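[1] take a look and give me a structure for this.
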Amino acid sequence: MAQGKLKRELTFVSMVSIAAGSVIGGWLAEAPYWFSVSGAGSAFIFPILAILLVPVGLAFAELTAMLPFASAVDVWTTNAFGHKAGWSTQWMMFLVQVVEPPLMAFIFLTAINYFIPIPAGMAKTVAIGLVFLWYVISNFDIKLTGTLANLFFYSMIVMSLFVATVFFMNDSWSMSNITGHGGYFPKGGYGVFIAMAVFSLKFIGFEFTPTLIEETNFPAGKMWIVVMSALFIPAVLYLIVVLAIGGLAPWGEIAGMAMPEPELVAKLGLPAIIGIIAIVSGILHALTTLMGFWASSARVLYGAAQLNQLPKLFMDVNKHGQPWFSNLTVLFFSVFFCMFTETNWVQYIYAVSCIAAGVVYFVCCLNAMKLRKTHPEWERPFKAPGGNPLFISGMVISIWIIIGSVLELEIGGYISLAIYFLIGYGLHLLMTVLRKKYPEKYQMLGTLTPEDKEKFGTL
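    Numbers count the residues shown, from 1 in each chain. A predicted model of the protein is given here:
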């Protein structure tokens, strides 16, 4: 094993598939939670959220084009506010990414349970086994991830739209199920407020695209298109699917289901193959998300090591160009969050992830403002339109996400968050000790700037 460059094998199409596919985490097991929070009106919250997140997405796109390094959030924040702020934000970014593999593992578990009942006491063990399986696969060429993402993404889109079309055309589909029983938003303004915050998790994924920038083979200035596709393709798909499901039964009934699509197929007497297609589509959703977030989580650690905020071991790559130790660390944290996840796992992971995401989004919008002021001379292959008002609006929606997510977090979530923060602080102290003991090996790097792009072969 040796430190080396990541391989540039991801095409523009593959990045769209990875980004948009990872955002579409699937509704196979999550849809009941959506309906429990805001009824069938959830369908309209997703497009609104996509629009509200555009300022944050454009901030990420500008920063990525200007400083196109795997360290991404870390190097942006370090340039704007120093190393301590950079590491703190990067550690929050890692949390945003690393909780997704356990979430996808439990979605896999839900799908498997439909065919092979799994005892409740075995649920966490099986979930851990699933993340370990992906750990093995993650150590092969990134090109494999891109190829699988293309295959899974387009397949799941076709399958999802097919199932939704069947639902819309069924005689049992009725607008009364959507508008009745309390209306579009049966829990009123509070439900909308919570949904606007925690449903932002269904768009988490657009922010990880910068972490893969050193593995893309197209200009960094085009990353804004990838980011926007990761916001609006899922938003349209969520709108269609939620309305398709919501028209077949009252929101309360759907909220009480484990997997609405196959259960509705059985209830309506539709061909069983429709339910199977829905489950397979859900599995592909989860697979694509797992692939993207696992890769991103490892690159967040790799990027921190670029700035000597973690030992260089995190930059060691195997013969396939994969950061093997970073992948191993992602496995450790995936198991950690699987162990802390209680029966209400969807609500738990939504809240934990969204708190961290809100912080990262806020800081990155602030970074964009600060760096425009302190380094106006730096080349920006893509410059977000709207200036500071755009970034300020992104900061406002970030605060909304944080507040709403805190309201949903239970005691187990606070405990796991506290442990996570302590681990991050412990790593910071470890690196401080290593720098004092081995100043030449672990000296704090200044940072990376646009002048370093050539060294990393930026396109």
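[2] quick one: the strands in this structure?
    Counting by DSSP state E, one finds strands in the chain at the ranges 2-3, 316-317.
[3] would you single out the least confident of those strands?
    Per-stretch averages of pLDDT across the strands of the chain put strand 2-3 at the bottom, with a mean of 54.
[4] remind me which residues of the stretch 251-400 of the chain are low pLDDT?
    Along the stretch 251-400 of the chain, segments meeting pLDDT under 70 span 340-351.
[5] same thing but at 50, please
    Within the stretch 251-400 of the chain, no range satisfies pLDDT under 50.
[6] max-length helix in the chain?
    The longest helix of the chain (DSSP state H) is helix 272-306.
[7] who are the packing partners of it?
    For helix 272-306, the helices and strands in contact under the criterion 3 or more C-beta pairs under 8 Å, 6 or more residues apart in numbering; DSSP states H and E are helix 12-23, helix 73-81, helix 83-98, helix 100-115, helix 123-137, helix 142-169, helix 260-268, helix 324-340. All C-beta spots, glycine's among them, are computed from the backbone N, C-alpha and C.
[8] run the last query once more with 7 Å
    Using 3 or more C-beta pairs under 7 Å, 6 or more residues apart in numbering; DSSP states H and E as the contact definition, the elements that helix 272-306 packs against are helix 12-23, helix 83-98, helix 100-115, helix 142-169, helix 260-268, helix 324-340.
[9] list the buried residues in it.
    By neighbour count with 16 or more other C-beta atoms under 10 Å, helix 272-306 contains the buried residues 274-275, 277-279, 281-306.
[10] picking that back up, worst average pLDDT in the helices and strands packed on helix 272-306?
    Least confidently modelled of those is helix 100-115, at a mean of 77 by mean pLDDT.
[11] just to revisit the earlier point, make a markdown table out of the helices and strands packed on helix 272-306 and add mean neighbour count.
    What follows is the helices and strands packed on helix 272-306, written out as a markdown table (neighbours: other C-beta atoms under 10 Å):
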| stretch | mean neighbour count |
| --- | --- |
| helix 12-23 | 26 |
| helix 83-98 | 24 |
| helix 100-115 | 23 |
| helix 142-169 | 18 |
| helix 260-268 | 21 |
| helix 324-340 | 21 |
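[12] quick one, which of the ones you listed is nearest to Glu410?
    Checking these against Glu410 by C-beta to C-beta gives helix 324-340 as the closest, at 10.9 Å.
[13] restrict the closest one to CA atoms and write it as PDB.
    Coordinates of the C-alpha atoms in helix 324-340 are reproduced here as PDB (Å, rounded to 0.1, in the frame of the first residue of the first chain):
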ATOM      1  CA  TRP A 324      -8.200   1.300   1.800                       C
ATOM      2  CA  PHE A 325      -7.700   2.600   5.300                       C
ATOM      3  CA  SER A 326     -10.300   5.300   4.800                       C
ATOM      4  CA  ASN A 327     -12.700   2.600   3.600                       C
ATOM      5  CA  LEU A 328     -12.000   0.500   6.700                       C
ATOM      6  CA  THR A 329     -12.800   3.600   8.900                       C
ATOM      7  CA  VAL A 330     -16.100   4.000   7.100                       C
ATOM      8  CA  LEU A 331     -16.900   0.400   7.900                       C
ATOM      9  CA  PHE A 332     -16.200   1.100  11.600                       C
ATOM     10  CA  PHE A 333     -18.500   4.100  11.700                       C
ATOM     11  CA  SER A 334     -21.200   2.300   9.700                       C
ATOM     12  CA  VAL A 335     -21.200  -0.500  12.300                       C
ATOM     13  CA  PHE A 336     -21.200   2.100  15.100                       C
ATOM     14  CA  PHE A 337     -24.400   3.800  13.800                       C
ATOM     15  CA  CYS A 338     -26.000   0.400  13.100                       C
ATOM     16  CA  MET A 339     -25.500  -0.400  16.800                       C
ATOM     17  CA  PHE A 340     -27.000   2.800  18.000                       C
END
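[14] please name the nearest non-neighbouring residue to Gly39.
    Closest residue to Gly39 in three dimensions, ignoring its sequence neighbours and counting by C-beta to C-beta, 6 or more residues apart in numbering: Trp251, at 4.0 Å.
[15] kindly tell me how buried the one you found is, as a neighbour count.
    Neighbouring residues of Trp251 were enumerated by other C-beta atoms under 10 Å; the total is 29.
[16] also Trp378?
    One way to gauge burial is a neighbour count; for Trp378, by other C-beta under 10 Å, it gives 14.
[17] correct me, but it touches Leu448?
    No. The pair Trp378 / Leu448 is not scored as a contact, 11.8 Å apart, by C-beta atoms under 7 Å.
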